[in-house]
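S.K.: Please find the sequence and the predicted model below.
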Amino acid sequence: MIATHSLPPGLMIAAPRSGAGKTTVTLGLLRALVRRNVQVQAFKAGPDYIDPAFHHAASHRPSFNVDSWAMRWPIASDILAHNSRNADLVIVESLMGLFDGVATDGTWGTGASADLAAATGWPVILVLDVSGQSQTAAATARGFINYRPGVEIAGVILNRVGSSRHIRLATSALEQAGLAVLGSLPRQNDIGLPERHLGLVQAEETSDLDERLNRLADVIEAHIDIDALIAKAKSGKIASAEPPNITPPGQRIALARDAAFSFVYPHVLAGWRSAGAEIMSFSPLADEAPDPSADVVWLPGGYPELFAAQLATAENFKSGVRTFAQSRPVHGECGGYMVLGSGLVDAAGERHEMLGLLGLETSFASRKMQLGYRKAELISDCIVGRTGATVTGHEFHYATILAQPDEPLFRLQNADGDILPSGGSRRAHATGSFFHFIDG
């Protein structure tokens, strides 16, 4: 049944490209709004595990991903409607550039953040990095105004400004173009967050995170007209249907959760729980074994390459999973897949013995980025689904495959429909791939 849901007032924080300052603005704004006692709900457009964890820390509310290529609209609309209830304001952080997606349509769009802005009616605030330019910023912004019908550009935040003259020149040109400038952030090198190869260092690994978020909020409050920004927000409205079920891999799921295994989407866990599954977390880094009463072990992605030596010596964890796999399914996604393999070579070139339930050998000594949407068709029945079933998701890692001797798990395609060679692995009760599940 199709229904129409009203959404709270909202805004999308977007930019022409990655690295323009969207995350800095989003996190500082979220914390500044919380300090004003605003109930603010954050979302992240597109596939991203790391930013939503920072949103959660800044806003004190869990943040959720919404993806227009890999996620069916009934799932996406339910995430938006359900999780924005009781919020005073919604802030969405976009992915890459506002209109950046893939060439072919997915479930309801191309994966561009603009798909979400158009679907909800939430206006866009552009973050423009104006280092090395002034009036030219107005030409960039003007190109956004009429590029896509249904996407409203409501204002601009200037980032990395220099002098007051720099601000004046850029602001004057933008206002002549019909765009309000809501603030100007100075060039500062001491307010960022630490980064590594997949993006920001995870929220749970950033020991002084609360202090950093408060410093970001101080900068936002000092340089952005928050009242004017809030006034740009508009209520959204979406057509939604009853969300389809996300079938859990088992009734009782032993889920690895710690700094090495943190990449699992909240909507997936919520879908498993709503279907009646029980999730029992355990920490491999604490040398914990999975609960022996579980039906399945699920090792999600994360950063096992940073903890490879610790995992290699976690004998209780390793023996527990190996014993479990003698009779019941064990599945690994990306980082979890590498840990199911025989060995992992770290960035320094040292090999560490992993679980050995699959023959996979991976290396970070010579990194190669693999990134993009994926559509996966199951070759045989397993805990992910039945033979012939199709699931959608993405791949994002820097590991090089040295050996992958087992039978493949998927027939894998990218967003253009090209067949990819790395379709995961299956051996006895163990399965895994670099594929991160979103929907299917």
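M.R.: Thanks, I have it. Numbers count the residues shown, from 1 in each chain.
S.K.: who touches Ala180 in this structure?
M.R.: Contact analysis of Ala180 by C-beta atoms under 8 Å, 6 or more residues apart in numbering lists Ala154, Gly155, Val156, Leu174, Ala228, Lys232. All C-beta spots, glycine's among them, are computed from the backbone N, C-alpha and C.
S.K.: ok, and the most crowded of those residues?
M.R.: The most crowded member of the contacts of Ala180, judged by other C-beta atoms under 10 Å, is Val156 (28 neighbours).
S.K.: that's a helix at it, yeah?
M.R.: No - membership of Val156 in a helix is not supported by DSSP: H, G, I helix; E, B strand; the rest coil, which gives strand.
S.K.: Quick one: the strands in the stretch 201-350 of the chain, in order.
M.R.: Using DSSP state E, counting those that start in this stretch, the strands of the stretch 201-350 of the chain run over residues 234-241, 252-256, 278-282, 296-299, 330-333, 343-345.
S.K.: Between the contacts of Ala180, which sits nearest Asp100?
M.R.: In terms of C-beta to C-beta, no member of the contacts of Ala180 lies closer to Asp100 than Val156, at 18.6 Å.
S.K.: these two touch, right, that closest one and Glu175?
M.R.: No - the pair Val156 / Glu175 is not scored as a contact, 9.5 Å apart, by C-beta atoms under 8 Å.
S.K.: and for these two, which residues touch both?
M.R.: Here Val156 and Glu175 have Val181 as joint contacts, going by C-beta under 8 Å, 6+ apart.
S.K.: before we move on, the earlier item: looking at the strands of the stretch 201-350 of the chain, which has the lowest confidence?
M.R.: Per-stretch mean pLDDT for the strands of the stretch 201-350 of the chain is lowest at strand 234-241 (a mean of 86).
S.K.: Listing partners with orientation, what would you give for that strand?
M.R.: strand 2-14 (antiparallel) (DSSP bridges).
S.K.: and the strand it pairs with, how far from the chain's centre?
M.R.: 20 Å (C-alpha atoms, centre = their mean, to the nearest Å).
S.K.: Next, the buried residues of whatever helix or strand comes next after that strand.
M.R.: Following strand 2-14 in sequence order, the next helix or strand is helix 22-35 (DSSP states H and E). Buried residues in helix 22-35, counted by 16 or more other C-beta atoms under 10 Å: 22-34.
S.K.: Just the pLDDT for the closest residue to Met369 other than its chain neighbours.
M.R.: Counting by C-beta to C-beta, 6 or more residues apart in numbering, Tyr398 is the residue found nearest to Met369 once chain neighbours are left out, at 5.4 Å. Listed pLDDT for Tyr398 reads 85.
S.K.: how about Tyr398, phi and psi?
M.R.: Note on Tyr398: backbone dihedrals following degrees, to the nearest 10 are phi -120, psi 10.
S.K.: re earlier: compile the strands of the stretch 201-350 of the chain into CSV and extend it with columns for distance to Phe54 and mean neighbour count.
M.R.: Shown next, in CSV, are the strands of the stretch 201-350 of the chain (distance: least, C-beta to C-beta, whole Å; neighbours: other C-beta atoms under 10 Å):
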stretch, distance to Phe54, mean neighbour count
strand 234-241, 23, 16
strand 252-256, 22, 23
strand 278-282, 21, 16
strand 296-299, 24, 26
strand 330-333, 21, 28
strand 343-345, 27, 22
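S.K.: First-to-last residue distance for stretch 382-389?
M.R.: For stretch 382-389, the first-to-last residue distance is 10 Å (C-alpha to C-alpha, to the nearest Å).
S.K.: try stretch 212-231
M.R.: Stretch 212-231 stretches 27 Å from its first residue to its last (C-alpha to C-alpha).
S.K.: on that earlier part again, turn the contacts of Ala180 into JSON lines, including distance to Asp439 and pLDDT.
M.R.: What follows is the contacts of Ala180, written out as JSON lines (distance: C-beta to C-beta, whole Å; pLDDT from 0 to 100):
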{"residue": "Ala154", "distance to Asp439": "30", "pLDDT": "97"}
{"residue": "Gly155", "distance to Asp439": "33", "pLDDT": "97"}
{"residue": "Val156", "distance to Asp439": "34", "pLDDT": "98"}
{"residue": "Leu174", "distance to Asp439": "39", "pLDDT": "95"}
{"residue": "Ala228", "distance to Asp439": "37", "pLDDT": "98"}
{"residue": "Lys232", "distance to Asp439": "32", "pLDDT": "98"}
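S.K.: From these, pick the one nearest Thr313.
M.R.: Closest to Thr313 out of the contacts of Ala180 is Val156 (52.1 Å), distances taken as C-beta to C-beta.
S.K.: Show me what the closest one is bridged to.
M.R.: Bridge pairing for Val156 - DSSP bridges - gives Leu126, Val181.
S.K.: Tell me who's in contact with it.
M.R.: For Val156, the contacting residues are Ile125, Leu126, Val127, Leu128, Ala137, Ala141, Leu174, Leu179, Ala180, Val181, Leu182, by C-beta under 8 Å, 6+ apart.
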